[in-house]
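Predicted model and sequence below, questions to follow.
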Amino acid sequence: MVYFSKALFKQSIKANWIKWVAVTLATCVMLAIVIIVLGSININGIRDSLKGVFEQANQESYLKENAIDSYSAYLTTTELENTLYTKELNEEEQGTLKTIWGVLTSGYDTKISEYQNSHEGQKPTGEELTKIRTESVNEVVALMSSMSSFYPEIGEMLEQVDEKTLVMAIDSFLVAYEEGNGVSIDKENGATLLNDIRPILESTYLKIVYNVAYDTYMQQENATEALAVDSATQAQNLTKDAMDTYKNDALQDGVLNPEYVYNADNYKNRASEKVNAMIYDQAYKMTYATSTADSDEEKDAEAKQYAVTAKIISNTAISTYELCLAEGQTKEDALKLATQSVTDQIDEEVAVALEELGNMDIYGLIIGSIFYRIAGLLLPMVFVIMVANGLLAGQVDSGSMAYVLSTPTRRRTVTVTQMLYLMMALFTMFALVTAVSVVSIWIVGGNSFAINFAEILLFNLGAFLTMFAFAGFCFMCSAIFNRTKHSLSIGGGISMFMLVCTILGLFGSNVVPSAMRIDQMNFFNYLSIITLFDTTTILSGGISFIWNFLILFGIGLVTFIIGVFCFDKKDLPL
């Protein structure tokens with residue numbers, strides 16, 4: 001049995017070709033104009049400026065925090081050195097120090113001895129030492145946790161330090177202990193133990209500074225291994241300078257000068273000078289490494305310019321921090337005030353809105369959300385509503401269907417032929433739209449344009465499947481109703497209602513910045529199947545749109561099939 005009539009198919013083409021050409025041409029022209037115009041102007045200029053402001057503010061804030069943290073660390077180091085050289089432990093403190101020392105070293109020493117006994121006195125290799133050290137660290141952490149109930153001072157220490165920092169500190173200590181085996185240590189004499197292990201404690205502190213600085217730098221956006229190592233090395237050198245400066249001032253022949261009186265103010269100028277120099281060097285190297293300038297001379301000039309700016313920011317932050325402290329501010333409040341950027345002084349809601357504007361994809365909004373989901377569907381939707389109605393309901397209402405069915409043509413042949421025509425008309429329409437969009441993208445730069453070829457092809461596929469779903473629905477209404485007014489009211493009315501809901505829902509969707517967004521309007525997106533055409537997911541590189549496309553295809557296919565069967569079974573007023 002043949003379910004296709006070539007004569008009826010030609011008749012449908014002849015009856016609707018003017019509408020098809022007009023709608024296709026208008027849609028293609030609109031799309032070409034939109035893409036070419038957007039490609040020829042810097043529409044993202046304001047957005048990029050806003051984005052640059054926030055990036056600069058974040059960078060400035062990072063520089064200020066780094067400068068003040070390094071400055072404070074320098075002064076803290078001199079204070080710790082002073083404690084190591086001047087602290088006189090009472091009996092309870094001596095006992096606590098001996099306990100902690102025993103916890104940290106006894107297990108490690110035992111493992112080293114066991115290894116040497118099992119390897120004929122041979123010392124562990126670097127790899128074996130790392131393995132032994134890792135085992136010891138895990139055991140020490142577990143032991144310290146269990147001892148916290150018996151030794152409150154250990155419990156207090158554990159409460160102040162997170163586990164990651166504790167593991168880093170113990171590992172650094174064991175490395176320093178391993179390297180400092182030549183130091184003479186009287187483990188049983190608590191009074192001299194602090195002096196004996198001072199070199200190990202200093203080495204441990206330097207290693208912790210290096211590791212923390214390395215981890216902190218690697219969290220930055222443009223961080224590289226080389227720059228992170230350089231930054232950590234500079235932080236370690238800064239700390240070492242603080243130690244050496246204190247020793248030069250306080251010691252005489254390696255022993256504390258009895259006339260020396262520690263005063264942190266004496267080290268502030270040197271701390272500021274050293275930190276500013278470090279910030280300058282870090283900024284220069286980072287800028288030089290990430291510069292896109294053509295020549296080394298241009299990179300050098302760019303790096304020097306930014307490094308000078310960074311040094312000024314660093315010096316200003318330290319001066320502001322000290323001024324706040326002098327006026328009685330707490331360290332936390334002083335740090336907050338000294339590291340404020342321009343964006344920190346803006347109201348939080350306004351800052352969030354401006355940041356969203358800076359990150360907004362204007363090309364995606366105009367081409368994806370406005371054209372392909374709204375403007376680009378309007379004329380094809382009008383075409384589908386008019387043609388779908390005319391293919392069945394219009395002919396029944398006018399009486400011409402009676403003439404068609406008076407010939408040997410069967411109902412199923414009529415519906416399948418008209419269905420195939422509507423599908424073909426939509427497919428060829430969007431095939432041409434796709435060709436125009438690809439050519440337009442190529443004209444404005446190809447994949448270098450904000451919307452690349454893959455994304456524009458998916459946009460066109462999504463638009464076709466959306467209209468395929470509407471075509472199936474309108475065809476079903478045309479097959480069910482015998483009167484044009486009913487077919488248009490239901491099929492056309494609901495289709496246009498969904499398009500209007502999409503327009504209203506746009507103002508509540510995430511593609512609109514929060515400053516302009518009306519969240520309650522997002523309700524309208526749940527009333528339209530166009531919501532399944534998710535252009536933002538396509539632009540973000542997600543794959544969930546595939547399931548939405550399958551749903552749209554399913555809606556169209558099912559409604560087309562329902563229309564075919566309904567027309568077969570219903571009574572016709574012939």
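Ah, there it is.

Every contact and neighbour count from this point should use C-alpha atoms.
Noted.

Neighbours of Ser72, how many?
Counted by other C-alpha atoms under 10 Å, the residues lying close to Ser72 total 18.

Tell me which helix or strand it sits in.
helix 45-86 (DSSP states H and E).

Over to Phe427?
Short version, using DSSP H and E: Phe427 is in helix 411-443.

elements contacting the next helix or strand after that helix?
Counting by DSSP H and E, the element after helix 411-443 in chain order, helix or strand, is helix 453-480. If you count contacts as 3 or more C-alpha pairs under 8 Å, 6 or more residues apart in numbering; DSSP states H and E, helix 453-480 packs onto helix 376-391, helix 393-398, helix 411-443, helix 484-487, helix 535-540, helix 545-569.

So for Ser113, which of these sits nearest?
helix 535-540 (57.4 Å; C-alpha to C-alpha).

Report all helices and strands that the closest one contacts.
Partner elements for helix 535-540 (3+ C-alpha pairs under 8 Å, 6+ apart): helix 453-480.

now the helix it packs on, how far from the centre of its chain.
The chain centroid and the centroid of helix 453-480 are separated by 33 Å, computed with C-alpha atoms, centre = their mean, to the nearest Å.

Please identify the buried residues of it?
Across helix 453-480, burial judged by 16 or more other C-alpha atoms under 10 Å covers 453, 455-456, 458-480.

Rebuild the helices and strands packed on helix 453-480 as TSV, extending it with mean pLDDT, distance to Thr339 and mean neighbour count.
Shown next, in TSV, are those (pLDDT from 0 to 100; distance: least, C-alpha to C-alpha, whole Å; neighbours: other C-alpha atoms under 10 Å):
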stretch	mean pLDDT	distance to Thr339	mean neighbour count
helix 376-391	94	48	23
helix 393-398	87	72	21
helix 411-443	94	44	19
helix 484-487	91	66	20
helix 535-540	88	33	17
helix 545-569	94	43	19
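
With respect to Gly107, which of these lies nearest?
That would be helix 535-540 among the helices and strands packed on helix 453-480, by C-alpha to C-alpha, at 52.4 Å.

so Ala223 touches Tyr217, yeah?
Yes - applying C-alpha atoms under 8 Å, one finds Ala223 in contact with Tyr217, separated by 6.5 Å.

Helices of the stretch 1-150 of the chain, residue ranges please.
6-40, 45-86, 91-118, 126-147 (DSSP state H, counting those that start in this stretch).

tell me which element the closest residue to Glu322 other than its chain neighbours is part of?
Closest residue in space to Glu322, ignoring its immediate chain neighbours: Ala334 at 7.8 Å, by C-alpha to C-alpha, 6 or more residues apart in numbering. Ala334 belongs to helix 331-338 when assigned by DSSP H and E.

who's more crowded, Ala223 and Tyr217?
Tyr217 (21 against 14).

what's the distance between that one and Ala317?
Taking C-alpha to C-alpha, to the nearest Å as the measure, Tyr217 falls 19 Å from Ala317.

got any ranges where the stretch 101-250 of the chain has weak pLDDT?
The stretch 101-250 of the chain contains residues with pLDDT under 70 at 143-166, 180-194, 221.

thinking again about what came up before, and the average pLDDT for the helix holding Ser72 is what?
Per-residue pLDDT over helix 45-86 has a mean of 77.

and that helix, what does it pack onto?
Packed next to helix 45-86, using 3+ C-alpha pairs under 8 Å, 6+ apart, are helix 190-196, helix 225-250, helix 268-290, helix 296-326, helix 331-338, helix 348-359.

I'd like those laid out as a markdown table, including mean neighbour count and distance to Gly107.
Listed next are the helices and strands packed on helix 45-86 as a markdown table, based on neighbours: other C-alpha atoms under 10 Å; distance: least, C-alpha to C-alpha, whole Å:
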| stretch | mean neighbour count | distance to Gly107 |
| --- | --- | --- |
| helix 190-196 | 19 | 19 |
| helix 225-250 | 19 | 29 |
| helix 268-290 | 20 | 39 |
| helix 296-326 | 18 | 44 |
| helix 331-338 | 16 | 39 |
| helix 348-359 | 17 | 52 |
